[in-house]
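Visitor: The sequence and its predicted three-dimensional model are supplied below.
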Amino acid sequence: MLNEAATAQDVETAEDVGAIMTRIGADARAAARTLATTPASRKDAALHAMAAAIRANANAILAANAKDLAAMRAQGQTAAFLDRGTLDDARIEDMAAGIEAIAALDDPVGTVIGEWERPNGLKIERVRTPLGVIGVIYESRPNVTADAGALCVKAGNAVILRGGSDSFHSSSAIADCLRQGLAEAGLPEAAIQLVPTTDRAAVGAMLGGLDGNVDVIVPRGGKSLVGRVQSEARVPVFAHLEGLVHVFIDKDADLDKAVKIVVNAKMRRTGICGAAETLLIDRACVDTHLVPLVQALINAGCEIHGDAEVQERVADVIPATDADWSTEYLDAIIAVKVVDGLDAAIDHIETLGSHHTDAIITENAQAAETFLSQVDSAIVVHNASTQFADGGEFGMGAEIGIATGRMHARGPVGVEQLTSFKYQVRGTGQIRP
């Protein structure tokens, strides 16, 4: 393991954390310079070796995960939280297959994304380049270790990973496999480094930029984590705010389709950022659609927090409070509200949403286009589950997160979003008059 001398137990003072993080930053910068010019074939060889190492060390990863899960249970964590932190044979295979899918993607580095010639004969190209060193700060979900490490390497970047304390052992075991893959391909192991301590001072050091060695921070977690990153970061941030996801049932929605989509959007996996948290129902179809939709959710095990009209029509509905319309439950709970048509739904989403993912269910093409154009979210969906809000489902191999900001990257952050560009200008002796 990289930095073997440093473990969570070894790091006892803020000074120790600072020294370790400074070294990690310097090592990452050196590795990034090498990786930036590494041929695609060699990066792909490293990725395939990483996938093989994860499969070969599945038992060790599961044993590490068992330690994390035992600690989570002792702390009384929720079922949804435990689900996010749980690994099994299928999820480990998904990690390995996800890395191989990233290897199969076209290498973005060196791609010419624009070219033209000026009247004076200068030839100008806009060419994709790596961002450099990426800091990824995330919570609970250990598979992010594999996704982030592999994506950054594919895009020619070094990455510093700071996982949540709840999944520290799991992430460490996965990171060991990633570094093994780098070593087998002859690439610097410092291209992927996991912060070897759960001390929160390490996060502060990363947000400070590690002496200019971190080029961008990607936070992936709850509102408190993202809020801290946005307020303290001295380097650019790819914001990943909470997934306050809405599904709007338009008056022209097909009921059978709506029921199937809504139950999947909420209940397939309640702990992911693409899970629906608020259901909005057009008043014009409330007589036909409300009860079947809400009852289907209840039958699937979902708790309903509803407005007055929902309470009147369905038994065992918990009265919704103002807080419900801005809550990311990440659990089998959904807020349900009746709204006065498309414009009211859009206004609700734009006022209370997080600009992550929002969906409309309708057979009215004009209503769908209005929703798609006017809802200013990173992902806007028509007649499909919001749980497709995922880089893998977009054909991007995997993602570091869903960026909800408007600068540089928006939506799933995959290999292309982990690059910048430079201009290459070729002349034949031109000088500027």
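Guide: Good, I have the coordinates.

Visitor: any chance you could map the strands in the stretch 251-400 of the chain?
Guide: 276-282, 303-306, 318-319, 333-339, 357-361, 379-382 (DSSP state E, counting those that start in this stretch).

Visitor: And for Ala155, nearest residue in space, chain neighbours not counted?
Guide: Leu418 (3.9 Å; Cβ to Cβ, 6 or more residues apart in numbering). For the C-beta atoms, the positions are set from N, CA and C on the backbone; glycine is no exception.

Visitor: thinking that neighbour is in contact with Gly132, fair?
Guide: No: using Cβ atoms under 8 Å, Leu418 makes no contact with Gly132, being 10.0 Å away.

Visitor: mind checking pLDDT for Leu2?
Guide: pLDDT, Leu2: 39.

Visitor: now swap in Asp10 and tell me
Guide: 44.

Visitor: And Ser231, by the same measure?
Guide: Model confidence at Ser231 (pLDDT) stands at 86.

Visitor: picking that back up, please identify every residue contacting each of Leu418 and Gly132.
Guide: Asn157 (Cβ atoms under 8 Å, 6 or more residues apart in numbering).

Visitor: These two - which one has more neighbours?
Guide: Ranked by neighbour count (other Cβ atoms under 10 Å), Leu418 and Gly132 place Leu418 first, with 27 against 19.

Visitor: Could you pull up the residues touching the more buried one?
Guide: Applying Cβ under 8 Å, 6+ apart to Leu418 gives the contacts 108, 130-131, 134, 151-152, 155, 157, 400.

Visitor: Go again with 10 Å.
Guide: 108-109, 128, 130-131, 134, 148, 151-157, 159, 216, 218, 238, 400, 409 (Cβ atoms under 10 Å, 6 or more residues apart in numbering).

Visitor: same check, this time on Arg234
Guide: So Arg234 contacts 206-210, 212, 214, 217 (Cβ under 10 Å, 6+ apart).

Visitor: picking up where we left off before, among the contacts of Leu418, which are in helices?
Guide: Using DSSP state H, the subset of these located in helices is 148, 151-154.

Visitor: follow-up on the earlier one: right, so the strands of the stretch 251-400 of the chain: which one is the most enclosed?
Guide: strand 357-361 (a mean of 29; mean count of other Cβ atoms under 10 Å).

Visitor: Model confidence score at the residue nearest to Thr428 when sequence neighbours are not counted, please.
Guide: Spatially, and ignoring its direct neighbours in sequence, Thr428 is nearest to Gly121 (5.9 Å; Cβ to Cβ, 6+ apart). Gly121 carries a pLDDT value of 96.

Visitor: Which parts of the stretch 201-350 of the chain are helices?
Guide: Secondary structure of the stretch 201-350 of the chain, counting by DSSP state H, counting those that start in this stretch: helices at 201-207, 223-232, 255-267, 286-299, 308-313, 341-352.

Visitor: Ok, which of these comes nearest Ile192?
Guide: Of all the helices of the stretch 201-350 of the chain, helix 201-207 sits nearest to Ile192, with 14.9 Å by Cβ to Cβ.

Visitor: For that closest one, name the packing helices and strands.
Guide: helix 14-36, strand 133-138, strand 158-162, strand 216-220, helix 223-232 (3 or more Cβ pairs under 10 Å, 6 or more residues apart in numbering; DSSP states H and E).

Visitor: If we use 8 Å, what do you get?
Guide: helix 14-36, strand 133-138, strand 158-162, helix 223-232 (3 or more Cβ pairs under 8 Å, 6 or more residues apart in numbering; DSSP states H and E).

Visitor: Quick check: Asp331 vs His240, distance?
Guide: Asp331 sits at a distance of 19 Å from His240 (criterion: Cβ to Cβ, to the nearest Å).

Visitor: no, scratch that, I was asking about Glu363
Guide: Distance, Glu363 to His240, using Cβ to Cβ: 33 Å.

Visitor: Looking at the two, which is more packed in?
Guide: Higher neighbour count among Glu363 and His240: His240, with 28 against 13, using other Cβ under 10 Å.

Visitor: Tell me which residues touch the closest residue to that one other than its chain neighbours, please.
Guide: Leaving aside its sequence neighbours, His240 sits nearest to Gly401 (Cβ to Cβ, 6+ apart; 4.0 Å). Residues near Gly401 by Cβ under 8 Å, 6+ apart: 138, 218-220, 238, 240, 273, 412-413.

Visitor: closest to Met50 out of the helices and strands packed on helix 201-207?
Guide: Of all the helices and strands packed on helix 201-207, it is strand 158-162 that lies closest to Met50, at 12.7 Å by Cβ to Cβ.

Visitor: in the very next helix or strand once past the closest one, what counts as buried?
Guide: Under the assignment DSSP states H and E, the closest C-terminal helix or strand after strand 158-162 is helix 168-184. The neighbour-count check on helix 168-184 (16 or more other Cβ atoms under 10 Å) flags 168-182 as buried.

Visitor: And stretch 196-205, by the same measure?
Guide: Buried, per 16+ other Cβ under 10 Å, within stretch 196-205: 196-199, 201-203, 205.

Visitor: quick one: low-confidence ranges for the chain?
Guide: 1-15, 241 (pLDDT under 70).

Visitor: what's around the closest residue to Gly243 other than its chain neighbours, how many residues?
Guide: Spatial nearest neighbour of Gly243, excluding adjacent residues (Cβ to Cβ, 6+ apart): Cys273 at 3.3 Å. If you count neighbours by other Cβ under 10 Å, Cys273 ends up with 26.

Visitor: Let's see the distance spanning stretch 311-319 from one end to the other.
Guide: For stretch 311-319, the first-to-last residue distance is 7 Å (Cα to Cα, to the nearest Å).

Visitor: Contacts for it next, please.
Guide: 286, 290-291, 294-295, 298, 303-306, 308, 310, 336.

Visitor: try it again with 7 Å
Guide: 290-291, 294-295, 303-306, 310 (Cβ atoms under 7 Å, 6 or more residues apart in numbering).

Visitor: Pipe those residues into a markdown table and attach distance to Ala265 per row.
Guide: Output for those, formatted as a markdown table (distance: Cβ to Cβ, whole Å):
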| residue | distance to Ala265 |
| --- | --- |
| Leu290 | 17 |
| Val291 | 18 |
| Val294 | 14 |
| Gln295 | 16 |
| Glu303 | 16 |
| Ile304 | 15 |
| His305 | 16 |
| Gly306 | 17 |
| Val310 | 17 |
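
Visitor: Return the member of these nearest to Gln424.
Guide: His305 (55.6 Å).

Visitor: what's near enough to touch that closest one?
Guide: Counting by Cβ under 7 Å, 6+ apart, His305 makes contact with 318, 320, 324, 333, 335.

Visitor: Just give me the neighbour total for the spatially closest residue to the last one that is not a sequence neighbour.
Guide: Across the structure, with Cβ to Cβ, 6+ apart as the measure, the residue nearest Ala335 apart from its sequence neighbours is Asp324 (4.1 Å). As a burial measure, Asp324 scores 21 neighbours (other Cβ under 10 Å).
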